[in-house]
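Participant: Got a sequence here, can you model it:
(one chain, ligands or ions: 6)
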Amino acid sequence: MNRMHWPAHFPALAGPLMLLCLALAGCGDNFDRFLAQKELAGPANPVFQKKYSTDSLPRSELDQLLDMALYKGPPEQYGDIVLRDRSDRHRMDPVVFSHRIHRSRFTCRVCHIELEFSMKKGGTGITRQEYLDGLYCGACHNGDIAFSVKYSCNLCHVKVDKQGRYPAKKDAMLGGRNLPPLGYGDGINWVEAIKSGAVTPRNSLTAEQAPQSMPLPSHLQLPLRWTTRSPRTLVVFSHESHILWLDCANCHPDLFSIAQMGTVEFDKQKNLYGMFCGSCHMTVAFPMNGCSRCHPDQKNRM
Ligand code: HEC
Ligand code: HEC
Ligand code: HEC
Ligand code: HEC
Ligand code: HEC
Ligand code: HEC
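Facilitator: Ligands and ions are numbered 1, 2, ... in the order given. Just a heads-up that it's a prediction; the model follows:
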C-alpha cells in the first residue's frame, strides 16, 4: 500500500507547491492565508463563520450590483435628503436637508432618537404646523440654536430642477476645523474627525452632559468579525466606532438582533438593496466605495 508512504512524501511536495501558489497568488486559498495572518494579530477576537438562509449571488451579478451601489456624485451632496411631498401639494419649493452640514454639529442620536426623525426618507411626514410648534426642524430652527422657521423660507425651500439639480450647500456652513479628508462619499472621514476632536458634535439638545447610551458589554469592545460564503471575504464591524455617533436603539432591535451574532437572512444582496448596513452606508455614512473599511482584504472602488 502506498498510503503508508504518503505522509513522508507530503512535506517535501507541499513546500514547493506552496511557494508556487504564493508566486501565482491564485491557486489554493489566499483567503485562508490572509485569515491566518489576521488570526495571529488577534486570537482573542474569533472570526465567526456565518450561516445563511439563501444562496449567494452569482459573482457577475454581485459585481454589477456593487458597481450600481457606488456613489459617484459630488461630495457636498452626499447625504442630502430632498423632501417634496408636502411642499409640492402647497406649491412650495422642495426642502433640501444636508446631513453633511448638520452632522458636523450634532450626532445622529440627537435627531434620530431625541427628536424622533425617521431613518427612512419621507418617514417623518413633517408638516409646517409641527415645526412651527417646535417639533422636528423647529426644535433648532427657532432663532436660538439656528435661523428661525418663521423667516428665511428660501434657505430650506429651494429650487430643484427636473434632473434633480439644486445649488450645493456651502462648506462655509460646516462646523469644526481641519476636517480629515476622504476620497469618496461626502469627502470627510467622520470617525477620524470625532476621534481627533476636529468636530465636537452635541450628543443631546436637552442634557448639558452627553447622556450615556447603554454601556458596551466588554466582549463587544473588540470589532465583530465574520466571513462570508462565496466569494469569501472578511467583514469587520466595530461597535466602538459606531456608538461615537449612534445610540444602540438606532440599530437594535429593528436593524439587527441584539440576542446573538449571525442573523441568517443578513447577506450582501440585502445590504446593496439598502437594508442592514446598507440602510446607512448607501445614504448617509460613508458609501459602498470604501470596501476596505468593512473588508480589510478588499480594495476600495471609485
Ligand atoms: C439635524 C438632524 C439630523 C442629524 C444630526 C442626522 N440626521 Fe439622519 N435624517 C434627518 C432627517 C430630517 C431625515 C429625513 C427624514 C424624513 O424624510 O422623514 C434623515 C434621514 C436619514 C436616513 C434615511 C435616508 C434615506 O435616504 O432614506 C438615514 C439612514 C439617516 N438619516 C442616518 C443618519 C445618520 C447615520 C446620522 C449621523 C451620522 C444622521 N442621520 C444624522 C435628520 C438628521
Ligand atoms: C438639532 C438641531 C437642528 C435640527 C433638528 C435641524 N437643523 Fe438645520 N441647522 C442647524 C444648525 C445649528 C445650522 C447652522 C446654521 C445656523 O447656525 O443658523 C443649520 C443649518 C441649516 C441650513 C443651512 C445650511 C444648509 O444646509 O444650507 C438648512 C437649509 C437647514 N439647517 C435645514 C434644516 C431642515 C430642513 C431641518 C429639518 C428637516 C433641519 N435643518 C433640522 C440645526 C438643526
Ligand atoms: C428649517 C427649514 C424650513 C424653513 C426655514 C421653512 N420651512 Fe417650510 N417646510 C420645511 C419642511 C422640512 C417641510 C416638509 C417638506 C415636505 O415634506 O415636502 C416644509 C413644508 C412647508 C409647507 C407645506 C405645508 C405643510 O404643512 O407641510 C409650507 C406651505 C411651508 N413649508 C411654508 C414655509 C414658509 C412660508 C416658510 C417661511 C416663512 C418656510 N416654510 C420656512 C422646512 C422649512
Ligand atoms: C450601527 C449599528 C449598531 C449599533 C449602534 C449597535 N450595534 Fe450591537 N450589533 C450590531 C450588529 C451588526 C451586530 C451583529 C448582528 C448579527 O450578526 O446578526 C450586533 C450585535 C450585538 C450584540 C450580540 C452579539 C454578541 O456577541 O453578543 C449585542 C449584545 C449588541 N450588539 C449590543 C449593543 C449595544 C449595548 C449597543 C449600544 C452601546 C449596540 N449594540 C449598538 C450593530 C449595532
Ligand atoms: C459598510 C460596509 C461594507 C462596505 C463598504 C462594503 N461591504 Fe461588502 N459586505 C458587507 C457585509 C456586511 C457583507 C456580508 C453580509 C453577510 O453575508 O453577512 C459583505 C459581503 C461581501 C462579499 C461576499 C458576498 C457574498 O455573497 O457572500 C463580497 C465579495 C463583498 N462584500 C465585496 C465588497 C466590495 C468589492 C465592496 C466595495 C465595492 C464592498 N463589499 C463594500 C459590508 C460592506
Ligand atoms: C444606523 C446607521 C449605520 C448602520 C446600520 C451601520 N453603520 Fe457603519 N457607520 C455609521 C456611521 C455614522 C459611521 C461613522 C463614519 C461615517 O459616517 O462615514 C460608520 C462607520 C463605519 C465603519 C468605519 C469604522 C472606523 O473605525 O473607521 C465601518 C467599517 C462600518 N461603519 C461598517 C459597518 C458595517 C459592516 C455595518 C453592518 C453590519 C454597518 N457599518 C452598519 C453608521 C451605520
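Participant: Next, count neighbours for residue 269.
Facilitator: Neighbourhood size, residue 269 [other Cβ atoms under 10 Å]: 15. (Glycine included, C-beta is placed from N, CA and C.)
Participant: Next: residue 185.
Facilitator: Using other Cβ under 10 Å, residue 185 is surrounded by 22 other residues.
Participant: tell me the contacts of the spatially closest residue to it that is not a sequence neighbour?
Facilitator: In space, residue 185 comes closest to residue 286 once its chain neighbours are excluded; the distance is 4.4 Å by Cβ to Cβ, 6 or more residues apart in numbering. Each residue near residue 286 by Cβ atoms under 8 Å, 6 or more residues apart in numbering is listed here: 182, 184, 185, 186, 189, 190, 293.
Participant: For this structure, just list every one of the helices.
Facilitator: Assigned by DSSP state H, the helices in the chain fall at 6-24, 30-41, 59-69, 85-89, 99-103, 108-109, 128-132, 153-156, 190-196, 239-242, 248-251, 268-272, 278-281, 291-294.
Participant: The fourth one - contacts with which helices or strands?
Facilitator: Same thing as helix 85-89. Judged by 3 or more Cβ pairs under 8 Å, 6 or more residues apart in numbering; DSSP states H and E, helix 85-89 is in contact with no other helix or strand.
Participant: let's see it at 10 Å
Facilitator: Judged by 3 or more Cβ pairs under 10 Å, 6 or more residues apart in numbering; DSSP states H and E, helix 85-89 is in contact with strand 95-98.
Participant: mind checking how far the strand it packs on is from the chain centre?
Facilitator: 20 Å (Cα atoms, centre = their mean, to the nearest Å).
Participant: ditto for stretch 280-289
Facilitator: Averaging C-alpha positions (Cα atoms, centre = their mean) puts stretch 280-289 5 Å from its chain's average.
Participant: what do you get for stretch 180-192?
Facilitator: Centroid separation for stretch 180-192 versus its chain: 12 Å, with Cα atoms, centre = their mean.
Participant: Distance check, the residue most central in space within the chain against residue 33.
Facilitator: In the chain, the residue lying closest to the centroid (Cα atoms, centre = their mean) is residue 281, at 3.2 Å. According to Cβ to Cβ, to the nearest Å, residue 281 and residue 33 sit 28 Å apart.
Participant: which bits of the stretch 151-300 of the chain sit near ligand 2?
Facilitator: In this structure, the stretch 151-300 of the chain approaches ligand 2 at residues 155, 156, 169, 173, 205, judged by Cβ under 6 Å from any ligand atom.
Participant: okay if I get the residues you listed as JSON lines plus distance to ligand 6 and neighbour count?
Facilitator: Formatted as JSON lines, those follow (distance: Cβ to the nearest ligand atom, whole Å; neighbours: other Cβ atoms under 10 Å):
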{"residue": "155", "distance to ligand 6": "24", "neighbour count": "13"}
{"residue": "156", "distance to ligand 6": "23", "neighbour count": "19"}
{"residue": "169", "distance to ligand 6": "17", "neighbour count": "18"}
{"residue": "173", "distance to ligand 6": "18", "neighbour count": "13"}
{"residue": "205", "distance to ligand 6": "19", "neighbour count": "13"}
